[in-house]
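**Q** A predicted structure for the sequence below; I have some questions about it.
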Amino acid sequence: EQIRLILAPPDPYDGRLQNLAGELVDLAVGRSDGADLEARRWLGRRALDLWYAWGAGATSGGEGAARATSIRAAEARLRALAE
C-alpha cells in the first residue's frame with residue numbers, strides 16, 4: 001500500500017500538489033538573502049513545475065482561469081526575487 005501511494009501520480013484535487021508548490025515558493029523566497037542563488041533558482045523552478053501541473057488538472061476554462069490566479073501570484077513572488 002505504501003509503495004502504491006509513493007508511486008501514484010499526484011491527485012490535482014486533493015490539495016497536496018498545490019500545498020507543496022506553495023511551500024517550495026516559500027522556501028525560495030526564504031533564501032532571498034542571496035546566500036545560495038542556485039538553490040533559490042532550483043526551488044523556484046520546481047515550484048513552478050508543480051504549479052503548472054496543478055493548473056493542468058483543471059477540467060474547464062473557468063476552473064483553469066481560477067487556478068491561473070494562484071499560478072500568476074506564485075510567478076510574481078518568484079519574479080520579485082530576480083529583481
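**A** That came through fine.

**Q** With adjacent residues omitted, what lies nearest to the most centrally placed residue in the chain?
**A** Ranked by distance to the mean C-alpha position of the chain (CA atoms, centre = their mean), the top residue is Ala21 at 2.7 Å. The shortest distance from Ala21 to any non-neighbouring residue, by CB to CB, 6 or more residues apart in numbering, is to Leu50 (3.7 Å). (Each C-beta comes from the backbone N, C-alpha and C, glycine too.)

**Q** pretty sure that neighbour contacts Glu23?
**A** No: between Leu50 and Glu23 there is no contact under CB atoms under 8 Å: 9.4 Å.

**Q** out of these two, which sits in the more crowded spot?
**A** Leu50 (22 against 13; other CB atoms under 10 Å).

**Q** By mean pLDDT, point me to the weakest helix or strand of the protein.
**A** helix 2-7 (a mean of 77; mean pLDDT, DSSP states H and E).

**Q** Which element is encountered next along the chain beyond it?
**A** The helix or strand immediately downstream of helix 2-7 is helix 16-30, counting by DSSP states H and E.

**Q** That following helix - contacts with which helices or strands?
**A** helix 37-56, helix 61-82 (3 or more CB pairs under 8 Å, 6 or more residues apart in numbering; DSSP states H and E).

**Q** Same list, those, but as JSON lines with distance to Ala8 please.
**A** Compiled in JSON lines, those are given as follows (distance: least, CB to CB, whole Å):
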{"stretch": "helix 37-56", "distance to Ala8": "14"}
{"stretch": "helix 61-82", "distance to Ala8": "21"}
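
**Q** Would you convert those helices into TSV that also reports mean pLDDT and distance to Leu5?
**A** Formatted as TSV, these follow (pLDDT from 0 to 100; distance: least, CB to CB, whole Å):
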stretch	mean pLDDT	distance to Leu5
helix 37-56	91	18
helix 61-82	93	24
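
**Q** ranking those helices by burial, who's on top?
**A** Among these, ranked by average contacts under mean count of other CB atoms under 10 Å, first place goes to helix 37-56 (a mean of 17).
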